[in-house]
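**Student:** Provided below for reference: sequence and predicted model.
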Amino acid sequence: MDKKKKFGLFLTKLREKQGFNTQRKLAILSKISPATISRIEAGIQQAEPETLKKLAPHLKVPYEDLMEAAGYIKKKNDNPLDKEPDIRLISRRAKQMTPEQRERWIKAAELLFPEMFNKGNDDSDEPNETT
């Protein structure tokens, strides 16, 4: 699959995820022609950076993420988890938290996923109690 078609599928999924069941609704809000969005989603036309800038706030993704997905920029970190939208969202939210909020978030995660926070877990920053 070529780069334009791959980005077109990506854009379609983002649009639908944000509740835009038609291209026209997104086009009206972003002030981009419906034909342009249609051609981009179909993989016929490469999205221009200015178009991505207009789409980003309505798709609730950072402009840089769209630029990366469209092939204009390459992210410094090639961690495969960074490509997961949910992981990126968690990371962005964590960066916005106060230390107190982060502490509450970690406590909630420990309650929900105790198996991930076992003292003997290899990824733990804390020493294992049995050693």
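**Tutor:** Right, received. Where do you want to start?
**Student:** ok, now which ones touch the residue nearest to the spatial centre of the chain?
**Tutor:** Nearest to the mean C-alpha position of the chain, by C-alpha atoms, centre = their mean, lies P85 at 3.4 Å. For P85, no residue meets the contact criterion (C-beta atoms under 8 Å, 6 or more residues apart in numbering). From N, CA and C alone the C-beta is placed, and that goes for glycine too.
**Student:** roughly how far apart are it and S30?
**Tutor:** 19 Å (C-beta to C-beta, to the nearest Å).
**Student:** what's the answer for A70, then?
**Tutor:** With distances taken as C-beta to C-beta, A70 is found 15 Å from S30.
**Student:** what do you get for Y63?
**Tutor:** Y63 is 12 Å from S30, where distance means C-beta to C-beta.
**Student:** what's the answer for N118, then?
**Tutor:** For N118, the distance to S30 - C-beta to C-beta - is 46 Å.
**Student:** Compare these two (neighbour count), which wins?
**Tutor:** Shown here are N118 and S30; by other C-beta atoms under 10 Å, S30 has more neighbours (19 against 11).
**Student:** Was I right to think that one contacts L52?
**Tutor:** No: taking contacts as C-beta atoms under 8 Å, S30 lies outside contact range of L52: 10.0 Å.
**Student:** anything in contact with each of those two?
**Tutor:** Here S30 and L52 have no joint contacts, going by C-beta under 8 Å, 6+ apart.
**Student:** who are the neighbours in contact with G71?
**Tutor:** Counting by C-beta under 8 Å, 6+ apart, G71 touches 3, 7.
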